[in-house]
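[1] have a look at this prediction, sequence included:
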Amino acid sequence: MNTAEVSLLRIYVTEGEAKLQELLKFLRDKEPVRGVTVFRGIAGFGPSGELHTSSLSDLSLDLPLVIELFDEPGKVQRIMKSLSTMIKPGHMLSWPAKINIDGTQ
């Protein structure tokens, strides 16, 4: 199997921050990437320790969102730099990965 080196980027926000649409627009229009997936958490907490859950008793949902993408390492570094003013410190992480680039197994 032939592979290529990429970087995977994961961004953590919450629904209450209302940044999802802005981030997706940026990743589609300004820095087009190979693809983006958004995961909606059913529960989570950050440094404050305040638990955000999807229970029926919650009047407003402020659930965790994870935006994940991959692309060439240099592009991912540019994206991280561009987003550094929009995303809280410590809420973006990246690591190297490999993708398959042909149909062989």
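    Sure thing, it's come through. Residues are numbered from 1 along each chain as shown.

[2] when you work out contacts or count neighbours from here on, use the C-alpha atoms and nothing else.
    Will do.

[3] wait, a strand at residue 74?
    No. Counting by DSSP: H, G, I helix; E, B strand; the rest coil, residue 74 is not part of a strand but helix.

[4] quickly find the element holding residue 13.
    Element membership of residue 13, judged by DSSP states H and E, is strand 3-14.

[5] what about the following helix or strand past that strand, distance to the chain center?
    Helices and strands here follow DSSP H and E; after strand 3-14, the next one along the chain is helix 20-25. With C-alpha atoms, centre = their mean, to the nearest Å as the basis, helix 20-25 stands 11 Å off its chain's centre.

[6] buried ones in helix 20-25?
    For helix 20-25, burial by neighbour count (16 or more other C-alpha atoms under 10 Å) applies to 20, 23, 24.

[7] helices and strands around the strand holding residue 13, which ones?
    Other helices and strands packing on strand 3-14, by 3 or more C-alpha pairs under 8 Å, 6 or more residues apart in numbering; DSSP states H and E, are strand 64-71, helix 73-83, strand 92-100.

[8] give me the contact list for that strand.
    If you take C-alpha atoms under 8 Å, 6 or more residues apart in numbering as the criterion, strand 3-14 is touched by 19-20, 62-73, 76, 87, 91-102.

[9] rerun at 6 Å
    62-73, 91-101 (C-alpha atoms under 6 Å, 6 or more residues apart in numbering).

[10] ok, residue 90 to residue 82 distance?
    15 Å (C-alpha to C-alpha, to the nearest Å).

[11] what sits against the most centrally placed residue in the chain?
    Central residue of the chain (C-alpha atoms, centre = their mean): residue 67, 2.3 Å from the mean position. Taking C-alpha under 6 Å, 6+ apart, we find residue 67 in contact with 10, 11, 37, 38.

[12] try 8 Å
    Residue 67 is in contact with 10, 11, 12, 36, 37, 38, 39, counting by C-alpha under 8 Å, 6+ apart.
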